[in-house]
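Engineer: Need coordinates for the below:
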Amino acid sequence: MNDLNWLSASFIVVLLVNAAFLGFIFWGMTNSITAIAEKLATIFALLLIIPAFRKYEYYLFFGINKNPLLGVKVSAKNKKTMLEAVNLVKQKAEIINESYFDGPLPSASPVFQFTEFDFADFLSKSEVRIYEDKIIDVEKSLVEEATTTIKYDELNGQTKLVKTINHNWDNVWCNWLFFVGMVTGSTTILFGEQIGAHHLFSLYLRLFIGGIALLIPLFLLRYIKSDVLIFYDKQDNDAFWTRVNLTNREKLFQIVEFVKNKIELAKEKPL
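Structural biologist: Numbers count the residues shown, from 1 in each chain. This is a model prediction of the structure:
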């Protein structure tokens, strides 16, 4: 998983530099020293983006109701300690389910398999495999790699088909605003004199207005509803969900019947 907090830090620094830039102009304090300081601070802000492209390993602990209890970033320094902590948790608590993003998949072929794409979720691609005893969802995107395993004995056999919006478009909206702000703010500080000298201000302004205007359709995209199929666990919480479309609708209904049949067979087995 990428640490996107670096992007927020970079954005804040650029905002502060531009605020200082406007303040210096307003108070007539612009000079060569302030100009160099503004450029150095902007370059520093852009360098803060680099760590955001690095993927980190996280250990996530969930409660019985699937709510996240603890998330820890793993590094070379604390990985040994984290593994010892995980083993201690296993000794003290009953671990119902455990999965790792790089863990091996079952050697047996899945009964069903389908792929789901979500452009708004950082170009995520989910490969869902339905086995005789569990569902495995392997998801990869620009910022995250994760594997989710749901055993049938965790489910209550109830499913629901609902229409809902895609909240991931909120992330797209925010990321585009970040991009426009970063490009505008850093370009103003680093190349403001060149833009003015070459009479490029009108083009620069049009590009800025066009970037801001694009926020309107991006905002409206979140209100496009799609069908979502939800599987519930024994505490009536969402255990697994996937979007339904024309290509996977028939297969998903077959999967629902298959999973419900497996749950009923498990209930009929003597203890």
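Engineer: For the top helix by length along the chain, buried residues please.
Structural biologist: If you go by DSSP state H, the chain has its longest helix at helix 168-197. Residues 168-169, 171-173, 176-178, 180-182, 184-189, 192, 195 are the ones in helix 168-197 that count as buried (16 or more other C-beta atoms under 10 Å). Bear in mind the C-beta positions are built from the backbone N, C-alpha and C, glycine included.
Engineer: quick one: pLDDT of Lys77?
Structural biologist: Lys77 is assigned 80 on the pLDDT scale.
Engineer: May I ask you to confirm that it belongs to a helix?
Structural biologist: No - according to DSSP: H, G, I helix; E, B strand; the rest coil, Lys77 belongs to no helix; its state is coil.
Engineer: That one and Glu144: what is the separation?
Structural biologist: Computed as C-beta to C-beta, to the nearest Å, the Lys77 to Glu144 distance reads 22 Å.
Engineer: So which of these two has more stuff around it?
Structural biologist: Glu144 (16 against 7; other C-beta atoms under 10 Å).
Engineer: Looks like that one contacts Leu123 (just checking).
Structural biologist: No - using C-beta atoms under 8 Å, Glu144 is not in contact with Leu123, being 10.9 Å away.
Engineer: Common neighbours of these two, please.
Structural biologist: Common contacts of Glu144 and Leu123 (C-beta atoms under 8 Å, 6 or more residues apart in numbering): none found.
Engineer: neighbouring strands for the top strand by length along the chain, and are they parallel or not?
Structural biologist: For the chain, the longest strand by residue count, based on DSSP state E, is strand 155-165. Applying DSSP bridges to the sheet, strand 155-165 is found paired with strand 225-233 (antiparallel).
Engineer: how far does the strand it pairs with sit from the chain's center?
Structural biologist: Chain-centre distance of strand 225-233: 19 Å, with C-alpha atoms, centre = their mean, to the nearest Å.
Engineer: what pLDDT does Asn65 get?
Structural biologist: For Asn65, pLDDT reads 65.
Engineer: repeat for Lys269
Structural biologist: 65.
Engineer: can you list the weak-confidence ranges in the chain?
Structural biologist: Filtered on pLDDT under 70, the chain yields the residue ranges 63-68, 94-103, 268-271.
Engineer: Please parse it into its domains.
Structural biologist: Domain assignment of the chain by automatic domain parsing yields the ranges 5-52+168-221, 96-166+224-268.
Engineer: May I see the ones you listed arranged in CSV, with distance to Tyr58 as well?
Structural biologist: Output for these, formatted as CSV (distance: least, C-beta to C-beta, whole Å):
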stretch, distance to Tyr58
domain 5-52+168-221, 13
domain 96-166+224-268, 9
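Engineer: what helix or strand is the nearest residue to Val13 once chain neighbours are set aside on?
Structural biologist: Sequence neighbours aside, Ala45 is the residue nearest to Val13 in space, at 3.7 Å (criterion: C-beta to C-beta, 6 or more residues apart in numbering). Under the criterion of DSSP states H and E, Ala45 resides in helix 32-47.
Engineer: got it, and Thr148?
Structural biologist: Per DSSP H and E: strand 145-151 holds Thr148.
Engineer: Name every strand pairing with that strand and say which way it goes.
Structural biologist: Going by DSSP bridges, the partners of strand 145-151 are strand 134-140 (antiparallel).
Engineer: Ramachandran angles for the residue nearest to Thr34 when sequence neighbours are not counted?
Structural biologist: In this structure, Thr34 finds its nearest non-sequential neighbour in Phe24, 5.3 Å apart by C-beta to C-beta, 6+ apart. The phi/psi pair for Phe24 (degrees, to the nearest 10) reads phi -60, psi -40.
Engineer: Wait, Phe24 touches Ala37, no?
Structural biologist: No - with contact defined as C-beta under 8 Å, Phe24 does not reach Ala37; the gap is 9.7 Å.
Engineer: Check the offset of stretch 133-153 from the chain's centre.
Structural biologist: That offset, for stretch 133-153, works out to 14 Å (C-alpha atoms, centre = their mean).
Engineer: So for it, what gets flagged as buried?
Structural biologist: Buried, per 16+ other C-beta under 10 Å, within stretch 133-153: 134-141, 143-144, 146-150, 152.
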